[in-house]
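Colleague: Take this sequence and fold it.
(one chain, ligands or ions: 1)
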Amino acid sequence: MTDTVVALRGASASLGARQVLHGIDLAVARGEVVALLGANGSGKSTAVRAAVGRVRLSSGSWELFGTPGERFRQWARIGYVPQRTTAAGGVPATVREVVAAGRLARTGLRPPRRADKAAVARAIELVGMADRAADAVDALSGGQHQRVLIARALATEPDLLIMDEPMAGVDLAAQQVLADTVRAQVAAGTTVLLVLHELGPLAPLIDRAVLLRDGRVAHDGPPPPLAPDHVHPHADEAAATVKGHLDRWTS
Ligand SMILES: Nc1ncnc2c1ncn2[C@@H]1O[C@H](COP(=O)(O)OP(=O)(O)OP(=O)(O)O)[C@@H](O)[C@H]1O
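Modeller: Below is the predicted model:
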């Protein structure tokens with residue numbers, strides 16, 4: 001048994017001719033909530049895509065649940081929300097269908113059982129979309145779409161949840177719903193790795209922050225300091241202050 005749920009060690013990776021990651025170390029322990037921060041193009045998405053095996057390392061190593069990534073097969077233990085994409089790509093699927101597709105990692109091709117249907121319903125409920133479950137996803141707003149993608153990742157009941165900029169393009173009220181969702185997952189023992197541009201309403205949940213700069217780890221430790229009133233859930237002012245702190249911290 002190991003307490004490290006996901007780890008990149010000395011990881012380098014290139015996209016096309018460009019080396020994007022330069023020997024990064026990124027490890028997340030069981031139960032931790034880690035934010036991966038950094039400017040545009042610093043390599044955050046590439047790092048998490050490498051962590052889930054979607055980008056091949058040119059050197060270094062990669063582990064999931066104590067198993068070398070190349071040999072890891074228990075993909076149902078991982079919920080991954082990629083950087084903003086559309087959930088259905090023109091296919092008129094309903095919210096429930098898209099979220100149920102996430103459950104396939106557990107069920108394979110066997111017919112869904114009651115527990116599978118319950119997990120799908122719970123995931124939809126968690127992101128506050130129960131009243132839209134039968135609606136086509138292409139009728140949803142960007143923020144609602146993002147919630148559906150998160151529900152799809154939660155439907156597998158993951159031990160490790162990786163989300164790439166989950167708050168991008170999501171309005172403040174929906175951000176609060178997402179923060180509550182992440183809080184519920186954390187309370188249930190899920191390990192969380194988040195790519196974030198700013199901490200926003202997730203700030204109180206973050207145990208540790210890893211800052212990337214030009215494909216290298218520039219900081220790994222406590223998250224950036226927060227304004228004293230950061231806990232106020234809907235204060236634009238507080239969000240702006242946190243962002244101000246973060247900008248100073250990352251520049
Ligand atoms: N297919 C590709 N070929 C070459 N370079 C690429 C490719 N895809 C991305 N890049 C470059 O790799 C770098 C890192 O990209 P990555 O998406 O990991 O950064 P990021 O920190 O997640 O940025 P953002 O916050 O903008 O999403 C960027 O400079 C990007 O332009």
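Colleague: Look up how far residue 39 lies from the residue in the stretch 51-200 of the chain that the ligand sits nearest to.
Modeller: Closest contact between the stretch 51-200 of the chain and the ligand, by C-beta to the nearest ligand atom, is at residue 83 (6.0 Å). Every residue, glycine included, has its C-beta placed from N, CA and C. Distance, residue 83 to residue 39, by C-beta to C-beta, to the nearest Å: 15 Å.
Colleague: tell me the contacts of the closest residue to residue 15 other than its chain neighbours?
Modeller: If the residues on either side of it in the chain are set aside, residue 15 comes closest to residue 46, at 6.5 Å by C-beta to C-beta, 6 or more residues apart in numbering. Under the criterion of C-beta atoms under 8 Å, 6 or more residues apart in numbering, the contact list for residue 46 reads 13, 15, 20-21, 55, 215.
Colleague: what ranges do the helices span in the stretch 51-200 of the chain?
Modeller: 95-107, 114-126, 142-154, 172-187 (DSSP state H, counting those that start in this stretch).
Colleague: per-residue confidence for residue 50?
Modeller: Per-residue pLDDT puts residue 50 at 96.
Colleague: Could you do residue 237 as well?
Modeller: Turning to residue 237, the model gives it a pLDDT of 47.
Colleague: And residue 234, by the same measure?
Modeller: As predicted, residue 234 sits at a pLDDT of 45.
Colleague: Kindly report the same for residue 200.
Modeller: Residue-level confidence at residue 200 comes out at 83, pLDDT.
Colleague: Now do the contacts for the residue nearest to residue 205 when sequence neighbours are not counted.
Modeller: With sequence-adjacent residues excluded and distances taken as C-beta to C-beta, 6+ apart, residue 205 is closest to residue 33, at 5.1 Å. Contacts here follow C-beta under 8 Å, 6+ apart; on that basis residue 33 touches 182, 186, 191-192, 194, 205-208.
Colleague: Which of the residues you listed are buried? Put it as a PyMOL command.
Modeller: In PyMOL, the members of the contacts of residue 33 classed as buried (16 or more other C-beta atoms under 10 Å) are selected with the following command:
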select buried, resi 182+186+191+192+194+205+206
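Colleague: Distance to residue 222 added to the contacts of residue 33, as JSON lines?
Modeller: Conversion of those to JSON lines gives the following (distance: C-beta to C-beta, whole Å):
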{"residue": "182", "distance to residue 222": "19"}
{"residue": "186", "distance to residue 222": "17"}
{"residue": "191", "distance to residue 222": "18"}
{"residue": "192", "distance to residue 222": "16"}
{"residue": "194", "distance to residue 222": "16"}
{"residue": "205", "distance to residue 222": "13"}
{"residue": "206", "distance to residue 222": "9"}
{"residue": "207", "distance to residue 222": "8"}
{"residue": "208", "distance to residue 222": "7"}
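Colleague: Max pairwise distance over the contacts of residue 33: which two?
Modeller: By the measure C-beta to C-beta, these have their two most distant members at 182 and 208, which lie 14.9 Å apart.
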